[in-house]
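1. Generate coordinates for the sequence data below:
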Amino acid sequence: MAVLLTGVPVSDEQAKEQSPVETPETDKPVDGEDSAPVRVPEGLASLVDLDPDAEASLTELLRLMKQERYDVIPSLSGYLVTEDPTYLPEDAVVRAMARQLGRDRMLALLITVYLRAHTDAEGS
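-> Presented below is the predicted three-dimensional model:
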C-alpha cells in the first residue's frame, strides 16, 4: 500500500500509474556505502526536478500578494494547509497562479529553496 502526496492511500499498482516518472539515481554514496546510489522515492521525482519557471512563478505570486497588501506568511501558510483560495487575494491572476503551481509543488519549491540557502553543498 502506498500513500500519495495528497495523503490518499492507493495500491502499489495505482501509485505506479500515478507516477510515471522514472526514479533518478545519483552517484553519491549514502553514509559511507561504496556502491549504494541515492534513490528518490517514487512519486517525488517529479517534484525534485522543478521546472525553472516554478521559482519565478512563486516569486511573482508572492509579489502580487504583497502588492495587494496581504500578509504573505499567514496567507500563504493558510492556503498551503487548507487549499482554501480565500486565503489569497481575490485577484483572479493570483488564484490562477496558485492553482497552476499546485500545493505540492509550492511546498517542494519552498523547502528546496530554504534548504539550498541553509545547507552547504554536502547537504549538512
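2. per-domain residue ranges of this structure.
-> According to automatic domain parsing, the chain comprises the domains 2-46, 52-118.
3. And those domains, which one averages the lowest pLDDT?
-> For the domains of the chain, mean pLDDT drops lowest on domain 2-46, to a mean of 47.
4. secondary structure element for Arg105?
-> Using DSSP states H and E, the element containing Arg105 is helix 103-118.
5. Only the buried residues of stretch 106-121, if you could.
-> Neighbour counts over stretch 106-121 (16 or more other C-beta atoms under 10 Å) mark Met106, Ala108, Leu109 as buried. C-beta here means a position set from N, CA and C on the backbone, and glycine is covered the same way.
6. Next, format the residues you listed as a markdown table and append distance to Ala56.
-> Shown next, in a markdown table, are those (distance: C-beta to C-beta, whole Å):
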| residue | distance to Ala56 |
| --- | --- |
| Met106 | 13 |
| Ala108 | 15 |
| Leu109 | 10 |
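7. count of residues packed around Leu76?
-> Residues lying near Leu76 (other C-beta atoms under 10 Å) number 20.
8. repeat for Asp91
-> Look at Asp91: counted by other C-beta under 10 Å, it has 14 neighbours.
9. contacting residues around it?
-> By C-beta atoms under 8 Å, 6 or more residues apart in numbering, the contact set of Asp91 is Leu64, Glu68.
10. So what does it look like in phi/psi?
-> phi -60, psi 120 (degrees, to the nearest 10).
11. quick one: which of the buried residues of stretch 106-121 is nearest Thr86?
-> Met106 (16.8 Å; C-beta to C-beta).
12. quick one: contacts for the closest one?
-> By C-beta under 8 Å, 6+ apart, the contact set of Met106 is Leu58, Leu76, Leu80, Ala98.
13. So which of the residues you listed wins on neighbours?
-> Ala98 (24 neighbours).
14. What segments of the protein are strands?
-> Secondary structure of the chain (DSSP state E): strands at 2-3, 9-10, 25-29, 37-39.
15. follow-up on the earlier one: looking at the contacts of Met106, which two lie furthest apart in space?
-> Maximum distance among the contacts of Met106 (C-beta to C-beta): 11.4 Å, for Leu58 and Leu80.
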